[in-house]
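Trainee: With the input below, show me the fold.
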Amino acid sequence: MNSTSLTWRCLPFDALHARTLYALLQLRTEVFVMEQNCVFQDMDGADAQCFHLLGETAGPALVAYARLVPAGLKFTEASIGRVVTLPAARGGGLGHVLVREAVQALHGLWGVQPIRIGAQARLEAFYRQHGFVPDGPIYIEDGIDHIEMVRAA
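Mentor: Sure thing, here's the model as predicted:
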């Protein structure tokens, strides 16, 4: 997948059209529930208070997504969560593009500030490439090893 051919949109929950909401929930379920074989409450009540970063191809078809969480909702700091790419679109650096876009969008929304994430521990090296550093021990969330990481302002 050529990540330069993507269109990026960052929308508040109330601006999501039904088809877009369906697509993002479908992608999150495909990866977090089906691919990772993890039964968890994806729709956790936070979506309505967040912004939603959508990476779409012409059509549009959703291939990349992240949830931008305001400070004070999940962590004291603002956060990026539900970072996901379509399995068929992987292998060409789309995940890195997604994280860069998410950091840029978050800073555009709420100003340059530290960002805290609850990353899957297996992705620690990936997030380190984007300036995130571990901040605490590994913990289990929904049966998967996670680690909190922070990116300085």
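Trainee: what about the protein, any weak spots by pLDDT?
Mentor: Across the chain, the ranges flagged by pLDDT under 70 are 1-4.
Trainee: would you list every one of the helices in it?
Mentor: Ranges of helices in the chain, per DSSP state H, are 18-28, 94-110, 124-128.
Trainee: Now do the buried residues in the shortest one.
Mentor: Of the residues in helix 124-128, those buried by neighbour count under the rule 16 or more other C-beta atoms under 10 Å are 124, 127. (Glycine included, C-beta is placed from N, CA and C.)
Trainee: I'd like the numbering to begin with 54 instead of 1 from here.
Mentor: Shifting the count to begin at 54 puts that one at helix 177-181.
Trainee: hmm, back to that, please identify the most buried of the helices of the chain.
Mentor: helix 147-163 (a mean of 18; mean count of other C-beta atoms under 10 Å).
Trainee: what sits up against it?
Mentor: By C-beta atoms under 8 Å, 6 or more residues apart in numbering, the surrounding residues in contact with helix 147-163 are 54, 56, 59, 61, 63, 104, 106, 108, 116-119, 121, 123-124, 131, 133, 136, 138, 166, 168, 179-180, 182-183, 204.
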